[in-house]
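J.: With the input below, show me the fold.
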Amino acid sequence: GYGSAEMNTDDPVWNAQLSKSFFKGCLVAKLTAFDLLHQLSNKDYSVNAQGRTETRYNSIPRYLMLSLAYKFARKAKH
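T.: Numbering: from 1, shown residues only. A predicted model of the protein is given here:
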């Protein structure tokens, strides 16, 4: 872990990924989901004797992504 307690979080994060091949394995479609339980946040709150601080991070805590990959292959000549 890290020395700072704010950096040591124990948020449960569930990710999932599905993939499917097409055209004899030359094309692969992949669907990836990150943080299915919606546990992560891009905000952090801190309260001390000086006051309350809210910090926002430039991140996407949960997302769904579709990707396509095509493999170009040439058969070897004999």
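J.: List the beta-bridge partners for the residue nearest the centre of the chain.
T.: A centroid search over the chain (C-alpha atoms, centre = their mean) returns residue 34, at 4.4 Å, as the residue closest to the centre. Beta-bridge pairing of residue 34, defined through DSSP bridges, involves residue 63.
J.: Show me the strands in this protein, by range?
T.: If you assign secondary structure with DSSP state E, the strands in the chain sit at 16-22, 27-34, 43-48, 51-56, 63-70.
J.: Which of the ones you listed has the lowest mean pLDDT?
T.: For the strands of the chain, the bottom mean pLDDT is recorded on strand 43-48, which sits at a mean of 75.
J.: Dump the C-alpha coordinates for that strand into CSV.
T.: The C-alpha coordinates for strand 43-48 follow below in CSV (Å, rounded to 0.1, in the frame of the first residue of the first chain):
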residue,chain,number,x,y,z
LYS,A,43,-14.7,12.9,-5.9
ASP,A,44,-12.9,12.9,-2.6
TYR,A,45,-14.0,14.8,0.5
SER,A,46,-11.8,15.8,3.4
VAL,A,47,-12.8,17.5,6.7
ASN,A,48,-10.4,19.0,9.1
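J.: Can you give me the buried ones in that strand?
T.: By neighbour count, and taking 16 or more other C-beta atoms under 10 Å as the criterion, strand 43-48 has no buried residues at all. For the C-beta atoms, the positions are set from N, CA and C on the backbone; glycine is no exception.
J.: next one: stretch 16-29
T.: So for stretch 16-29, nothing qualifies as buried (16+ other C-beta under 10 Å).
J.: follow-up on the earlier one: need the contact list for the residue nearest to the centre of the chain.
T.: If you count contacts by C-beta atoms under 8 Å, 6 or more residues apart in numbering, residue 34 has them with 13, 15, 62-65.
J.: from what I can see residue 69 touches residue 27, true?
T.: Yes - look at residue 69 against residue 27 with C-beta atoms under 8 Å: they come within range, at 7.3 Å.
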